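> model the structure of this input:
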Amino acid sequence: RYNFTLWQGMGIALHLLAGVSMIRLLDAIRPGIPAAVVSGFFLLLPADVPMVVWHNISGYMLFCVFVLEALRQILIYSLTPVKVGRLWAATVLLLAASCLFEAGIVLSICAAGYMVFMRRRTREGLVLLGSPFVYFCFNFSDLLFRQTLMHAGTWQIVQRIFKWETVAHFFTALKWFFCSGLFLRASDIFPLERVALSPDTLGLAWPFISLNPHLWRG
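This is a model prediction of the structure:
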């Protein structure tokens, strides 16, 4: 409710949990002191402060925990393919991550691609694709349910899904997702600063020119 001490405590706990998941993953890659040093450095980064103190985005830390644990399961499975349970655990963790943040879908597809093209394991890649498939079924069922409540027919639902505005918004959001990661400098985003930048505020030339900071900086 309004007990912000508990909210802050939960934020710190989730941040520490993400650090533990990171050290578990790095230790699985290369055991030893470097894993602990890198994880400790991550926990003390000043840029992590907003993730801990802003209560409305605490879910992103839980997303990081699920992703790190999923990557650990995939790594261990790729080294010891006999333990199929780890592959299913990774799929469930990626599904949980996708329900918290849509980037989990992209990561699931990347993980499946890694398993198919790098490890030459097509069946395992299809298992990892189960995460975006179930996520799609959840969302599509929700859309059908909502449209049914509004007394819309099946054809109207299909038209809404495939209309040009929906498709255009998808590609705009996709451009925002990749460009914000590849050209972060162009958007002048600084650590410890809350940003109100969205795909709708992007110009045609973005990210190759900087936006007017007065338009989006809070």
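> only the buried residues of the longest helix along the chain, if you could.
The residue-count maximum for a helix in the chain (DSSP state H) belongs to helix 4-29. For helix 4-29, a neighbour-count test (16 or more other CB atoms under 10 Å) marks W7, G11, L14, H15, L17, A18, G19, S21, M22, I23, L25, L26 as buried. To be clear about C-beta, it is placed using only N, CA and C from the backbone, and glycine gets the same treatment.
> just stretch 88-103 next, same as before
For stretch 88-103, by 16+ other CB under 10 Å, it's A89, A90, T91, L93, L94, L95, A96, A97, S98, C99, L100, F101.
> which residues touch the second one?
It refers to A90. A70, L71, Q73, I74, Y77, A111, L128 (CB atoms under 8 Å, 6 or more residues apart in numbering).
> where along this protein do the helices fall?
4-29, 33-43, 49-53, 58-79, 84-100, 103-113, 122-128, 130-149, 154-162, 164-182, 213-216.
> can I get the ones you listed in a markdown table with mean pLDDT?
Rendered in a markdown table, the data for the helices of the chain read as follows (pLDDT from 0 to 100):
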| stretch | mean pLDDT |
| --- | --- |
| helix 4-29 | 90 |
| helix 33-43 | 88 |
| helix 49-53 | 80 |
| helix 58-79 | 91 |
| helix 84-100 | 91 |
| helix 103-113 | 90 |
| helix 122-128 | 89 |
| helix 130-149 | 77 |
| helix 154-162 | 62 |
| helix 164-182 | 62 |
| helix 213-216 | 45 |
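> dump stretch 65-80 to CSV, keeping only the CA atoms.
In CSV, the C-alpha atoms belonging to stretch 65-80 read as follows (Å, rounded to 0.1, in the frame of the first residue of the first chain):
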residue,chain,number,x,y,z
VAL,A,65,16.4,-12.4,-12.7
PHE,A,66,14.3,-14.6,-15.0
VAL,A,67,16.4,-13.9,-18.0
LEU,A,68,19.7,-14.5,-16.2
GLU,A,69,18.5,-17.8,-14.7
ALA,A,70,17.1,-18.9,-18.2
LEU,A,71,20.5,-18.1,-19.8
ARG,A,72,22.2,-20.2,-17.1
GLN,A,73,19.9,-23.1,-17.7
ILE,A,74,20.5,-22.9,-21.5
LEU,A,75,24.3,-22.7,-21.0
ILE,A,76,24.3,-25.8,-18.7
TYR,A,77,22.1,-27.7,-21.0
SER,A,78,24.3,-26.9,-24.1
LEU,A,79,27.2,-28.5,-22.2
THR,A,80,25.2,-31.5,-20.8
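> M22 and A112, how far apart?
Note on M22: its distance to A112, by CB to CB, to the nearest Å, is 23 Å.
> now G11
G11 is 32 Å from A112, by CB to CB.
> now do T91
Distance of T91 to A112, given as CB to CB: 10 Å.
> overlap of the contact sets of these two?
Overlap of the contact sets of T91 and A112 (by CB under 8 Å, 6+ apart) consists of L128.
> elements contacting the longest helix of the chain?
Here helix 4-29 touches helix 33-43, helix 49-53, helix 58-79, going by 3 or more CB pairs under 8 Å, 6 or more residues apart in numbering; DSSP states H and E.
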